[in-house]
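Chemist: I'll drop the sequence and a predicted model, then ask my questions.
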Amino acid sequence: MKRTESISMPVGMHRVKITMAFPLRWVNSYVLYEPDGTITIVDPGPRSTETEQEWHEALADFNLTFQDISQIVLTHHHPDHLGLSGWIQQQTDVPVRMSTRSRQEADYMWGTEATIHTVLPEYYGRHGMPEDKTQQIREHMEGFISQITPLPVVTPIEDGDWLVMGGKKWLAVETGGHAPGHLSFYAPDSREILCGDAVLPQISPNISLQPGSDDQPLLSYMEGLHRLGALDVGVAYPGHRNPFGHFADRTVHLLTHHEERLQKMMERIREAPTNAYEICMFMFGDRLGTHQLRFAMSETLAHLQELIRREHIIQEQQPDGVFFFIENT
């Protein structure tokens, strides 16, 4: 796969495809040229020996070196976006810009005192996931550490702040749901948006409920879609897949998608009280790999929480400690 390209990209901006795990296969990093000849990198990708080499090759393709980097900008804290930022910062001493909330979430997930690798599997277990699956989730969560080490020292940028990238002024727009503190960057003069994983052109961004984080992630996400959909966007540069137009239409499609998913879950619960793991299997099937199972389980829980918030269902605990959901009549 060719890593660097300028197809569908404006002058002074390149997309670099950085390898990540199946099924997405790559994450989009963006290189923006500054008037002084330096560059800004947006979302450098996960860290591995392979991706380090990919950046050496990509910069060489552009006749650049790491010393030409002036700043790194992150849309959110997930390893496929944040991962290499600390490693590049160690070599260049450049600022890394992300929201305070997003940096806090990185500490919560992978900081020195993080316990999510035990808390999350236990949480899934209380919602019906079998023990062999929760053990796989624990091992899976521990595998991310190498992809994000070291975590960067962050110079915060917050919702409503302006950031200069590629000689243009971009407005930081913070939304939640996919990742707390997620920033999209909107350039109103050119009607462009670097939207990270807030809006994707062909797939629905994962919406995850995790203990200790946002307790209403689907509500946060849908509120964010309304806000982003109101922007006058001509072209969007996403974290995955290809740049696209029809940005506002895509936000409407995603809102509809989640309403349909809520309705499908509600119909299942009306048939009989059930736990979240059973609903997850009903919605997503039983042949998921560990990574996809984590996404599917947390997305199921996010939708169930929204049904609770809307007072359509209630959550009760069985004698064995497992929670189940019933229609609120």
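Modeler: Structure's in. What do you need? Values in this document were obtained by computation on a predicted structure and should not be read as measured data. Numbering: from 1, shown residues only.
Chemist: backbone dihedrals for Pro179, both of them.
Modeler: One correction, residue 179 is Ala, not Pro. Phi and psi for Ala179, reported as degrees, to the nearest 10, are phi -160, psi 130.
Chemist: so what's it up against?
Modeler: Neighbouring residues of Ala179 by Cβ atoms under 8 Å, 6 or more residues apart in numbering: 76-78, 102, 105, 197. The C-beta positions use only the backbone N, C-alpha and C, and glycine is treated the same way.
Chemist: take these and keep only those in helices.
Modeler: Those of the contacts of Ala179 mapping onto helices are 102, 105, per DSSP state H.
Chemist: report the two of the contacts of Ala179 separated the most.
Modeler: Maximum pairwise distance in the contacts of Ala179, criterion Cβ to Cβ, is 13.5 Å, between Glu105 and Asp197.
Chemist: hmm, who's touching stretch 50-61?
Modeler: Outside stretch 50-61, the residues that touch it by Cβ under 8 Å, 6+ apart are 3-4, 16, 18-19, 31, 44-45, 65-66, 68, 83-84, 87-88.
Chemist: rewinding a little: got any residues that touch both of Glu105 and Asp197?
Modeler: Residues touching both Glu105 and Asp197 (Cβ under 8 Å, 6+ apart) are 76, 179.
Chemist: residues contacting the closest residue to Thr75 other than its chain neighbours?
Modeler: Among residues not flanking Thr75 along the chain, Gly196 sits closest, at 2.9 Å (Cβ to Cβ, 6 or more residues apart in numbering). Gly196 sits next to 43, 75-76, 81, 182-184, 238-239 when contact means Cβ under 8 Å, 6+ apart.
Chemist: hmm, which two among those are most spread apart?
Modeler: Leu183 and Pro238 (13.7 Å).
Chemist: gap between the residue nearest to Thr75 and His76?
Modeler: Gly196 sits 6 Å away from His76, taking Cβ to Cβ, to the nearest Å as the criterion.
Chemist: between these two, what contacts are shared?
Modeler: With Cβ under 8 Å, 6+ apart as the test, Gly196 and His76 both reach 182-183.
Chemist: and the helices in the stretch 1-150 of the chain?
Modeler: In the stretch 1-150 of the chain, the helices defined using DSSP state H, counting those that start in this stretch lie at 49-61, 79-82, 85-92, 100-110, 116-126, 131-142, 145-148.
Chemist: quick revisit: so for Leu183 and Pro238, which sits in the more crowded spot?
Modeler: Leu183 (30 against 26; other Cβ atoms under 10 Å).
Chemist: about what we covered before: of the contacts of stretch 50-61, keep whichever come out buried.
Modeler: Buried by 16 or more other Cβ atoms under 10 Å: 3-4, 16, 18-19, 31, 44-45, 68, 83-84, 87-88, out of the contacts of stretch 50-61.
Chemist: state the pair within the residues you listed that is farthest apart.
Modeler: Across the buried ones among the contacts of stretch 50-61, no pair lies farther apart than Thr19 and Asp68, at 22.4 Å, counting by Cβ to Cβ.
Chemist: distance of the closest residue to Pro238 other than its chain neighbours from Gly125?
Modeler: In this structure, Pro238 finds its nearest non-sequential neighbour in Leu200, 5.1 Å apart by Cβ to Cβ, 6+ apart. According to Cβ to Cβ, Leu200 stands 31 Å off from Gly125.
Chemist: any idea how far apart the tips of stretch 68-87 sit?
Modeler: One end of stretch 68-87 sits 15 Å from the other (Cα to Cα, to the nearest Å).
Chemist: give me the mean pLDDT for that stretch.
Modeler: Regarding stretch 68-87, the rounded mean pLDDT is 98.
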